Every structure is written in structure tokens, then in C-alpha cells.
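> here's my sequence, what's the structure:
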Amino acid sequence: MTGFRRGRAATASAGTPRRPDAPEPSPKAVAVRYLARRDYSRAELTQRLTRRGIEPEAIEHALDALTAAGLLSDTRYAASVVAQRAGRYGKRAIAYALKEKGVDATAAEAALAPLAGVDEFDDARALWQQRFGVTPANDREKARQVRFLQSRGYALSVVLKILRTAGARDLDDA
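Numbering: from 1, shown residues only. Model (predicted):
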């Protein structure tokens, strides 16, 4: 069994040394390798390439070429983030995540537009129902439920309204 490497270290992209005569991959090739795994925002990809020691001018040139080819798009990235997180996170949390990833405001607004018609209370209630389903038995449990929903980007007023309506529903059932 000697000579076989297992796990992440066995892949070429995980740090296996290149042959000494192999040329350094171009910034565009490195960026395409990243994009082959998942979508990235332009700012996030710039940050990753900078960490690899690639010159800023070369990064901009490579990313401009990828954008022109349609392989890099902040609009597409923002739409995929919104689609992935909708229903599990509030609009505020999704907008914050897009801002953190460096998506420009116009692309973020366009991606968040479908969420404008969604009732945040219904989304939060469905998430609460899925996660907890019962009213909190004590203040500690109530605080836990409030923290969970707030960490998902829902406003405190929405969270407290959910807990009030759940408590009223339990009283009606009794």
C-alpha cells in the first residue's frame, strides 16, 4: 500500500507539487478551475487570486475575459445565492450575505426582487414550525427560539409575533 495517497492530499489542486518543468498556470486558468467547482462573485474571485500571489492587473484582465465569455457573472451568482437561501433565511440575511461577498448593489437588488412579494412572516413561521413546532416551555427555550430566527435574518417583531400566535393557538387547542 505504500505510494498511495488518500483523501484531499491526493488531488493535484490540493497542494501536490507540480513537475519542475511544468509552466505556472495562467490567472485565467486558475479562475476557471475555481469556477468549475461553484459560482463566485467577482470580488470573491479577485480575493482568492490575490491570495495566490497573482498581480492585480493580470487578475482584472482574466476576470474581464471570463465576464465577456459569460463564465463569470455577479448577477447569476446573486440569483443562485438567493435561490439557495430563500425560505431558510430572511431577506435581510440574504442581502447581508451578498454584500459580504462583494456583489454590487444593482445585482443584489435584482436578485432580491422576487422576494419582495414573499411574506416574511409566513416564511419565518414555516421555518419555526419545521425547526421547533411547539411553543417554548420556559424563558430559556423562548430565548433559544428567538435567537435562532434572528440569526436567520428575521426581525424581532416578526419573531415575537410568531411566538405570540403559536401561544394563542395552543390556548385555543386546550
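
> quick one: low-confidence residue ranges for this structure.
Where the chain drops to pLDDT under 70, the residues are 1-18, 168-174.

> all helices of it, in order?
27-37, 42-51, 56-69, 74-85, 91-100, 105-112, 120-131, 139-151, 156-173 (DSSP state H).

> export those to JSON lines and tack on distance to residue 21 and mean neighbour count?
C-beta coordinates here come from the backbone N, C-alpha and C atoms, glycine included. Listed next are the helices of the chain as JSON lines, based on distance: least, C-beta to C-beta, whole Å; neighbours: other C-beta atoms under 10 Å:
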{"stretch": "helix 27-37", "distance to residue 21": "17", "mean neighbour count": "15"}
{"stretch": "helix 42-51", "distance to residue 21": "24", "mean neighbour count": "17"}
{"stretch": "helix 56-69", "distance to residue 21": "22", "mean neighbour count": "14"}
{"stretch": "helix 74-85", "distance to residue 21": "37", "mean neighbour count": "18"}
{"stretch": "helix 91-100", "distance to residue 21": "41", "mean neighbour count": "17"}
{"stretch": "helix 105-112", "distance to residue 21": "42", "mean neighbour count": "17"}
{"stretch": "helix 120-131", "distance to residue 21": "55", "mean neighbour count": "16"}
{"stretch": "helix 139-151", "distance to residue 21": "51", "mean neighbour count": "14"}
{"stretch": "helix 156-173", "distance to residue 21": "61", "mean neighbour count": "13"}
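
> got JSON lines for those, with distance to residue 20 too?
Output for these, formatted as JSON lines (distance: least, C-beta to C-beta, whole Å):
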{"stretch": "helix 27-37", "distance to residue 20": "19"}
{"stretch": "helix 42-51", "distance to residue 20": "23"}
{"stretch": "helix 56-69", "distance to residue 20": "23"}
{"stretch": "helix 74-85", "distance to residue 20": "37"}
{"stretch": "helix 91-100", "distance to residue 20": "40"}
{"stretch": "helix 105-112", "distance to residue 20": "43"}
{"stretch": "helix 120-131", "distance to residue 20": "54"}
{"stretch": "helix 139-151", "distance to residue 20": "49"}
{"stretch": "helix 156-173", "distance to residue 20": "59"}
